[in-house]
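*Asks:* how does the following fold in three dimensions:
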Amino acid sequence: MKRMPVEIAGKTVAPGESATVVLPVPDTSLRQGAGMPVHVFHGRREGPALFITAAIHGDEMNGIEIVRRLVGMKRLQRLSGTLYAVPVVNIYGFIANARYLPDRRDLNRFFPGKAGGSLASELAKVLFENVVAPCQFGVDLHTGSNHRTNLPHLRGNMDDEVVLGMAEAYGAPLALNVAGAEGSLRYSAEECGVKTLLYEAGEALRFDELSIRAGVRGLTSLMEHLGMLTPRKTARRKKVPMQIAHDRTWCRAPASGVFKAGAKLGQRVRKGEILGTIYDPFSNQSYALESPKNGVVIGVQSLPSVYKGDAVTHIACFEALAKAEASVDQFSELMMEETPIS
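*Replies:* A predicted model of the protein is given here:
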């Protein structure tokens with residue numbers, strides 16, 4: 001049976017073709033026009049539809065570079081199924097180097113969106129109807145926020161066997177078994193039956209090469225798992241065992257001051273262990289930040305100045321703590337040794 005073309009925003013993409021389609025979104029305040037570019041690859045052969053989104057928060061740069069590298073691959077010319085890749089969802093925040101929309105709304109709390117609502121609702125509706133709804137699978141790319149750096153890890157419903165298989169194929173060392181927040185892209189996609197992963201890595205407004213390479217590697221591995229790309233015959237891709245966290249917690253500053261971190265990303269910590277020290281900048285007084293649980297550090301604040309109650313260090317908890325730390329170490333070594341994928 002002949003494969004049918006796909007339509008998006010009034011444009012038709014035939015089997016074996018690719019196109020960049022600009023979705024219409026509300027103008028900027030200067031009325032100079034605006035659009036959300038989507039790379040569409042429609043394979044000649046039947047297969048699933050996968051969406052990849054980046055920069056739902058406008059200051060998250062790693063995902064933009066991951067998408068750029070992915071869509072430049074010659075392998076996509078032999079794609080089975082359909083790929084929708086959006087390098088910048090929140091174009092307004094991206095222009096302003098800002099996480100949120102101009103009205104300070106978090107776009108990732110307004111899915112699936114609605115017509116006639118706020119700018120966030122309008123933008124969410126355009127993306128959801130044109131990119132998310134036609135798919136069976138999805139990956140949403142993120143980084144840490146507000147001067148925080150995240151260790152590369154996945155988030156998703158790991159109790160779902162399909163999502164768990166996607167996560168294991170992606171190849172990140174750690175995963176959090178957590179539900180998406182209501183109104184988030186992942187939550188809304190899953191409500192519509194679209195199996196979705198969230199990839200967290202690096203920090204806002206910065207490129208992190210390891211996080212980017214791991215992201216590209218993960219997406220191509222996932223597409224092989226879904227039957228969209230043919231696995232490479234030359235060499236079997238190495239992977240590390242993925243460890244799933246059963247709990248997580250933020251360690252909050254016990255006092256305001258200047259924070260000097262002691263624990264590093266990927267480090268195993270014990271309950272009561274000192275993760276860093278907060279100093280009074282005008283005296284010798286200091287306050288220790290203690291880990292409330294056993295776990296592995298998956299997020300740290302990079303900005304020294306803190307207020308009491310600030311989320312400073314993110315801890316993920318595992319049944320096999322030593323295995324989790326080992327997976328992180330093996331993953332870092334693998335990414336440093338491996339030639340970037342093309």
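*Asks:* for the closest residue to Met228 other than its chain neighbours, pull up the helix or strand it's in.
*Replies:* What sits nearest to Met228 in space, not counting adjacent residues and going by C-beta to C-beta, 6 or more residues apart in numbering, is Gly81, at 4.7 Å. The C-beta positions use only the backbone N, C-alpha and C, and glycine is treated the same way. Gly81 is part of strand 80-86, with elements assigned from DSSP states H and E.
*Asks:* hmm, back to that, who touches the residue nearest to Met228 in this structure?
*Replies:* 43, 45-50, 226-228 (C-beta atoms under 8 Å, 6 or more residues apart in numbering).
*Asks:* contacts for stretch 175-195?
*Replies:* 51, 53, 56, 108-112, 124, 127-128, 132-133, 135-138, 140, 153-160, 162-163, 166-167, 196-198, 242-246, 248, 316.
*Asks:* endpoints of it, how far apart?
*Replies:* With C-alpha to C-alpha, to the nearest Å applied, stretch 175-195 spans 15 Å between its terminal residues.
*Asks:* any idea how far it is from the chain center?
*Replies:* 13 Å (C-alpha atoms, centre = their mean, to the nearest Å).
*Asks:* where in this structure is pLDDT low?
*Replies:* 234-236, 339-342 (pLDDT under 70).
*Asks:* residue boundaries of the helices in it?
*Replies:* 62-71, 91-95, 119-127, 161-170, 185-191, 209-225, 321-337 (DSSP state H).
*Asks:* count of neighbours near Lys114?
*Replies:* 12 (other C-beta atoms under 10 Å).
*Asks:* now swap in the one 10 residues further on and tell me
*Replies:* Applying the criterion other C-beta under 10 Å, we find 26 residues in the vicinity of Ala124.
*Asks:* I'd say it and Pro112 touch.
*Replies:* Yes: with contacts counted by C-beta atoms under 8 Å, Ala124 reaches Pro112, the gap being 6.3 Å.
*Asks:* on that earlier part again, from the contacts of Gly81, pick the one nearest Glu209.
*Replies:* Nearest to Glu209 out of the contacts of Gly81 is Leu50 (C-beta to C-beta; 24.4 Å).
*Asks:* skipping its backbone neighbours, what lies nearest the closest one in space?
*Replies:* Closest to Leu50 by C-beta to C-beta, 6+ apart is Phe137, at 4.7 Å.
*Asks:* separation between the one you found and Arg248?
*Replies:* 25 Å (C-beta to C-beta, to the nearest Å).
*Asks:* tell me which of these two has more neighbours.
*Replies:* Per other C-beta under 10 Å, whichever of Phe137 and Arg248 has more neighbours is Phe137, with 23 against 19.
*Asks:* ok, the more buried one touching Val163?
*Replies:* No: between Phe137 and Val163 there is no contact under C-beta under 8 Å: 9.3 Å.
*Asks:* which neighbours do the two have in common?
*Replies:* Counting by C-beta under 8 Å, 6+ apart, the residues touching both Phe137 and Val163 are 195-196.
*Asks:* nearest residue to the middle of the protein?
*Replies:* Centroid-nearest residue in the chain, with C-alpha atoms, centre = their mean: Leu141, separated by 2.5 Å.
*Asks:* what sits against Ala245?
*Replies:* Applying C-beta under 8 Å, 6+ apart, the residues near Ala245 are 174-177, 295, 316-318, 324.
*Asks:* oh, that last question was meant for Pro152, not what I typed.
*Replies:* By C-beta under 8 Å, 6+ apart, the residues touching Pro152 are 172-174, 199-202, 210-211, 214-215, 331.
*Asks:* please repeat the previous calculation with a cut-off of 6 Å.
*Replies:* The contact partners of Pro152, by C-beta atoms under 6 Å, 6 or more residues apart in numbering, come to 172, 201, 211, 214.
*Asks:* and if you look at Val25?
*Replies:* Contacts of Val25 by C-beta under 6 Å, 6+ apart are 34, 36, 123, 126.
*Asks:* and it, how close does it get to Val86?
*Replies:* From Val25 to Val86 the distance is 12 Å (C-beta to C-beta).
*Asks:* repeat for Thr12
*Replies:* From Thr12 to Val86 the distance is 19 Å (C-beta to C-beta).
*Asks:* just to revisit the earlier point, for the helices of the chain, give me TSV that also has distance to Val306.
*Replies:* Output for the helices of the chain, formatted as TSV (distance: least, C-beta to C-beta, whole Å):
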stretch	distance to Val306
helix 62-71	24
helix 91-95	24
helix 119-127	29
helix 161-170	33
helix 185-191	29
helix 209-225	24
helix 321-337	25
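*Asks:* how deep is Glu122 tucked in, by neighbour count?
*Replies:* That count, for Glu122 with other C-beta under 10 Å as the rule, works out to 16.
*Asks:* which one is it nearest to, not counting chain neighbours?
*Replies:* Using C-beta to C-beta, 6+ apart, the closest residue to Glu122 is Pro26 (5.7 Å).
*Asks:* and if you look at Pro15?
*Replies:* Closest to Pro15 by C-beta to C-beta, 6+ apart is Arg3, at 4.3 Å.
*Asks:* ditto for Gly93
*Replies:* Gly58 (2.0 Å).
*Asks:* before we move on, what about Pro231?
*Replies:* Counting by C-beta to C-beta, 6+ apart, the residue nearest Pro231 is Glu224, at 4.8 Å.
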